[in-house]
Structures are given as C-alpha cells and as structure tokens.
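S.K.: any chance you can model this:
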Amino acid sequence: MAKETLTITDNRTGKTYEMPIEHGTIKALDLRKIKTGADDFGLMAYDPGYMNTASCKSTITYIDGDKGILRYRGYPIEQLADRATFLEVAYLLYHGDLPALDEFIRWEHGIRYHTMIHEGIKKFLDGFRYDAHPMGILVSTVAALATFYPEAKNIHDADVRRIQFYRLVAKMPTLAAFAYRHRTGMPYIYPDNSLSYTENFLNMMFHGSEPMGRRPPDFEHHPVLARALDILFLLHADHEQNCSTSSIRMVGSALTDPYTAVAAAAAALYGPLHGGANEAVLRMLAAIGSKDKVPEFIASVKRGEQKLFGFGHRVYKSYDPRAKVVKTCADKVFEIMGRNPLIDIALELERIALEDEYFVSRKLYPNVDFYSGIIYEAMGFPTEMFPVLFAIPRSPGWYSQWQEGVLDPEQKLARPRQIYLGEDAREFEARNPNAHPCC
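M.R.: Numbers count the residues shown, from 1 in each chain. I've put the predicted structure just below:
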C-alpha cells in the first residue's frame, strides 16, 4: 500500500527528506528541515497571493472550482437558494446545521430584537462629510460597535460570542441604510421589525426617497423583490478563504474582538479587485452601449485592448454556480421594476463568449458579479452601494470564519515570512559630523 508521504531530494546537499501528506498538503514548517548547513534558516515556500497555500482547516464552505460546486456546511448552494432564506443560511454558517422550526423562531426573533443601533452611532455618522462613500462609513461604524459593546472582547465566552453574532447580523442592514441616507441627505428610517430582513432593509433604504411613479407603490415591501434580494444575500453569505475572509482570520488570530475583525474584512472588501467587480461590469456594459456592438467589443478583448469584467474567477474554472441562480432572479425583478436595457447586452456578451474558443479554452465563464450588478441597479441601488450590498450578507460568513479560527487549537498569531532582497548591512555616515542630532 502506497505511503501518504512525499520524498524530496535536495540536490544542493544530496540529502533526502520524507514528509507526511495530510489532506493533500504538507506542513510548511516541514520544509524548514531542508537545510544546507547549521547556519541555514531552512527552506520556505514562496507564494504571492496565497495561490496554493492552505492557511487553515475549515468545515464551513466547500468549493470545487473545476466542477462548479459551492456548498455551505455540505448543502449545495442551488438547493439553499431554492428552499432556504438568508437568515436560515446565516444560522447554518454559525451553528453548523439548519435550524429546526422552534430554533429558527428564536433566532429570527433575536435578529429583530437587535436591529436598532445606539443613538450615539447617529452622532458618529453625522461626523462624516455629506458625500462620504457609504462603504467607508460602514467600515468605520462596524469598527465603532466594539466601543458600544466592550464585552465583545471576551471572545472565549460562547454566550458573548453568540450575542455579538445576533447583533452583527441584525445591525449591518441598519448601518448600511443609514450610511446611504447620510450620503443622500435624507432622514434616517428606523427599523420596522414587523417586516422581513430584506423588506426592512429596503424600507430603511428607500422609504420616501423617490418621487411618485419611479417605483411601484409597494416597492419597499414587495415580496418578489424582497425574495430576490434575499437570494442574492444568501449567495454571498460565504465563499471560503477569499481576500476579506483571510483578512478576518488573520486579524482574529490576534484575538481581536469580532467587530474590529469584521471591519478589517469589510476594508478588504472595499478594494475594487474584491468587492467592486459588479460595478466594473456595469461600466463595461454601459461602455459597449448596445447589443450590436458586442462582437466588436469581444474582438477588442481578444486583441488585449479591453478587459472582460464578470468573467473568470480565481477559484471557478467552470460556470460559477451562483451566477446561474442570479440569472434566474433577473427576470423576476424586471417584471416588477422594468427591464434593465443592460441585460440584453449582457446576454449577448455571454452567448458569444461561451461559443468562442478563445474564452472557452481559458475557462472564462460568467461569475456572480456579471448579473448581480444589473439586478441591483434595476432595484434602484446606486453603484457606490454595491460593495455594501456585498458586506451585509457576508457578515455571518465572516463571523463564522472568525469564530472557527478563534476556536481552532492549531491556529497561532498570523505572521507570514518574507524574502528580504534589500541592502546588506551598511554604516551610517553623518552629513555633518560636528552637528548634534537634535540641532
């Protein structure tokens, strides 16, 4: 029977090393055994962007990018999107199992109970410029929650962790909506806990903010729109060790409170390479302008003159399973809000790209960002809110990942190594040997 080991021969010394393989990995510290001599630090792995480095063990989210599989705690994303709600998925990510009916009733009640924010946070919000980006406001106010709930620092207390999870999931839509209302100069709309999670968010965002005729009279409470947003939230609830999730695990390794850690994750999401992809898709589609110009745009992409946003993914090498679900949501939203003209450009772009060997051979398939931005725009969300709409649903995933790291006995304070390529030791030469350093 084959041994679960890897044998490495160091051609510098001729020595051979045998290293155990566990779950398809070798431990990076085992490489330190490979040395040329007593003064040698030992071999390290160099992996910019963590392209092939596992930083943790997790039981939360499973992705098989080649097969287009995404599962939360073992449940296929397609089944969850069809049968579950976002709050059920939030419970699943944190607790490991879907809730029984009585458990869900208590869980949903707990969320409703914690949707309000401290009045002091409103004063904090008023300190931002009138045109401050809502994502910048959200990052700051989430971090500020740690000062309103100082007991959150007791991260080894399970009951304390649980109540902070309630608070975070409940308050994220409120903070997000308040950030938007601050930017628009509209008065804040307080949570209405008779509404569902997404209805409440839509109401806090848009109540009284549009002239008559721009939206259906029951827009904020429309069940089809609320469900579409709920599905979009569900699809974004977690996605394994991406940039923001890795950030919260790294910050959490210092035993940081969950609010500050989530703020760090949201700050990573704020970057255009992570949370701004759907906005880039909208700009691309608007620049194409019309369906008949798609072939010309495709040709320019192949010549290297343009970038194709919304296609391809660091992990998925086939069709992103989330994109398939999002695509089905679009028609339902358009029935209520009117058809977004960009969808016809997007559909034609997808059709041509999926038939073109150039894109197929490179495994460039639509990802979740390709259609989500079109739906958000149709619902009236401005593009600057797109990363915020990403952060709200990702909060239960971030929190669950943070907690898993805190409870993992193998985890240590994160401290990556570097390859130093700077100057060797050199002597300092004073510009004026007679001058005192302070003069």
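S.K.: for the rest of this, base every contact and every neighbour count on C-alpha atoms.
M.R.: Noted.
S.K.: might you list the low-confidence residue ranges for the stretch 151-300 of the chain?
M.R.: 210-217 (pLDDT under 70).
S.K.: 80 instead, please
M.R.: Within the stretch 151-300 of the chain, the ranges that satisfy pLDDT under 80 run 208-221, 275-278.
S.K.: can you list the residue ranges for helices in it?
M.R.: 158-184, 197-206, 223-235, 243-252, 258-270, 277-288, 294-302 (DSSP state H, counting those that start in this stretch).
S.K.: for the residue lying closest to residue 81 once chain neighbours are set aside, give its distance to residue 223.
M.R.: Using Cα to Cα, 6 or more residues apart in numbering and skipping residues adjacent in sequence, the residue nearest residue 81 is residue 231, 5.8 Å away. Residue 231 sits at a distance of 12 Å from residue 223 (criterion: Cα to Cα, to the nearest Å).
S.K.: who has more neighbours out of the two?
M.R.: The residue with more neighbours, out of residue 231 and residue 223, is residue 231; 24 against 14, by other Cα atoms under 10 Å.
S.K.: wait, doesn't the more buried one sit right on residue 87?
M.R.: No. Residue 231 is beyond contact range of residue 87, at 10.5 Å (criterion: Cα atoms under 8 Å).
S.K.: care to break this structure down by domain?
M.R.: 5-45, 82-410 (automatic domain parsing).
S.K.: mean neighbour count, the ones you listed: which tops it?
M.R.: Ranked by mean neighbour count, these are led by domain 82-410 with a mean of 19 (mean count of other Cα atoms under 10 Å).
S.K.: return the distance of that domain from the chain's centre.
M.R.: From the chain centre to the centre of domain 82-410 is a distance of 8 Å (Cα atoms, centre = their mean, to the nearest Å).
S.K.: can you get me the start-to-end distance on that domain?
M.R.: Span of domain 82-410 from end to end, Cα to Cα: 36 Å.
S.K.: mind putting the helices of the stretch 151-300 of the chain into a markdown table with distance to residue 372?
M.R.: Below are those laid out as a markdown table (distance: least, Cα to Cα, whole Å):
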| stretch | distance to residue 372 |
| --- | --- |
| helix 158-184 | 18 |
| helix 197-206 | 16 |
| helix 223-235 | 8 |
| helix 243-252 | 19 |
| helix 258-270 | 16 |
| helix 277-288 | 7 |
| helix 294-302 | 20 |
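S.K.: which one of those lies closest to residue 392?
M.R.: helix 158-184 (5.6 Å; Cα to Cα).
S.K.: next, the angle from that closest one to helix 197-206.
M.R.: 30 degrees (axes from the mean of the first three to the mean of the last three Cα atoms, to 10 degrees).
S.K.: show me what helix 158-184 is packed against.
M.R.: Packed against helix 158-184, as judged by 3 or more Cα pairs under 8 Å, 6 or more residues apart in numbering; DSSP states H and E, are the following elements: helix 101-113, helix 119-126, helix 134-148, helix 197-206, helix 386-407.
S.K.: how about the domains of the chain, which one is nearest residue 75?
M.R.: domain 82-410 (9.6 Å).
S.K.: one step back: need the domains of the chain in a markdown table with distance to residue 54, can you?
M.R.: Converted to a markdown table, the domains of the chain look like this (distance: least, Cα to Cα, whole Å):
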| stretch | distance to residue 54 |
| --- | --- |
| domain 5-45 | 8 |
| domain 82-410 | 9 |
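S.K.: do you know which of the ones you listed lies nearest residue 419?
M.R.: domain 5-45 (9.1 Å).
S.K.: break down the stretch 1-150 of the chain into its strands, ranges please.
M.R.: Remark: strands assigned in the stretch 1-150 of the chain by DSSP state E, counting those that start in this stretch are 5-9, 16-20, 61-64, 69-72, 75-76.
S.K.: want to throw those strands into JSON lines with distance to residue 373 and mean pLDDT?
M.R.: Formatted as JSON lines, these follow (distance: least, Cα to Cα, whole Å; pLDDT from 0 to 100):
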{"stretch": "strand 5-9", "distance to residue 373": "46", "mean pLDDT": "95"}
{"stretch": "strand 16-20", "distance to residue 373": "45", "mean pLDDT": "95"}
{"stretch": "strand 61-64", "distance to residue 373": "23", "mean pLDDT": "94"}
{"stretch": "strand 69-72", "distance to residue 373": "21", "mean pLDDT": "94"}
{"stretch": "strand 75-76", "distance to residue 373": "23", "mean pLDDT": "97"}
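S.K.: make a markdown table out of the helices and strands packed on helix 158-184 and add distance to residue 359.
M.R.: Output for the helices and strands packed on helix 158-184, formatted as a markdown table (distance: least, Cα to Cα, whole Å):
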| stretch | distance to residue 359 |
| --- | --- |
| helix 101-113 | 44 |
| helix 119-126 | 45 |
| helix 134-148 | 33 |
| helix 197-206 | 36 |
| helix 386-407 | 27 |
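S.K.: nearest to residue 289, out of those?
M.R.: Across those, closest to residue 289 is helix 386-407 (Cα to Cα), at 21.3 Å.
S.K.: show me what the closest one packs onto, helices and strands only.
M.R.: helix 86-95, helix 134-148, helix 158-184, helix 223-235, helix 243-252, helix 258-270.
S.K.: can you redo those as TSV with distance to residue 331?
M.R.: Formatted as TSV, these follow (distance: least, Cα to Cα, whole Å):
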stretch	distance to residue 331
helix 86-95	20
helix 134-148	28
helix 158-184	25
helix 223-235	10
helix 243-252	31
helix 258-270	28
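S.K.: among the ones you listed, which is nearest residue 13?
M.R.: Comparing the helices and strands packed on helix 386-407 by Cα to Cα, helix 243-252 comes nearest, at 35.9 Å.
S.K.: quick one, that closest one and helix 258-270 angle?
M.R.: Using the same axes, to 10 degrees: helix 243-252 against helix 258-270 is 150 degrees.
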